[in-house]
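J.: sequence and predicted structure are below.
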Amino acid sequence: MSDSGKSNRTIGVRSQRRGFTLAELMIVLTIIGIMASFAVPTFRRSVQQSRADVAGANLQSVWSAQRLYWLEYRTYASNLTLLEDEGLLEPSVATDTDYAFTVESSNAVSFEVRATRINSDRWTGNFSIDEDGTITGAVSATGEDDLTPGYL
């Protein structure tokens, strides 16, 4: 058989291979789109939950710093700057981009520090911690369950 016969058989084999049709491709893309529509809201909620967990951890850091401050001065600090100046609290707590931390009240026997959700059009609310280390409060959004620090 000549070379031309060999190439005809090769061409015939190639023409029998089948690629994806446009309909098959559209079905696959539709399925991927449906799966993504389920995953994205769950991912966004997970991100918000992790931010709430970080806020709770920062509140516990403030609580520890306040306890150490009280041991030194027999009163609780009236603002976070005092705790930072004493080296008891990392400055990153005050510069958090998701929650604003403020000392709401303090005296010789009690304090309350609040973490308020900021920089979000959807999520609002706050968490508070007191001298006993109890964290209260919640962050919420329309159509969503409330968030609280998850490790408590």
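T.: Here it is on my side, so go on. Residues are numbered from 1 along each chain as shown.
J.: what sits closest to residue 91 if chain neighbours are left out?
T.: Closest residue in space to residue 91, ignoring its immediate chain neighbours: residue 84 at 5.4 Å, by CB to CB, 6 or more residues apart in numbering. C-beta coordinates here come from the backbone N, C-alpha and C atoms, glycine included.
J.: show me the contacts for that neighbour.
T.: By CB atoms under 8 Å, 6 or more residues apart in numbering, residue 84 lies in contact with 90, 91, 94.
J.: which of the residues you listed tops the neighbour count?
T.: The most crowded member of the contacts of residue 84 is residue 94, carrying 17 neighbours; neighbours defined as other CB atoms under 10 Å.
J.: tell me the first helix or strand C-terminal of the least confident helix or strand in the chain by mean pLDDT.
T.: Every helix and strand of the chain was ranked by mean pLDDT, DSSP states H and E. The lowest is helix 3-16, at a mean of 55. As assigned by DSSP states H and E, the chain's next helix or strand after helix 3-16 is helix 22-73.
J.: now for that next one, which elements pack on it?
T.: Applying 3 or more CB pairs under 8 Å, 6 or more residues apart in numbering; DSSP states H and E, we find helix 22-73 packed against helix 80-85, strand 99-106, strand 111-117, strand 124-130, strand 135-140.
J.: poorly predicted segments of the chain, please.
T.: Within the chain, the stretches with pLDDT under 70 are 1-17, 151-152.
J.: okay, which residue is most central for it?
T.: The centre of the chain sits closest to residue 47, judged by CA atoms, centre = their mean, with a distance of 2.9 Å.
J.: and that residue, what does it touch?
T.: For residue 47, the contact set (CB under 8 Å, 6+ apart) is empty.
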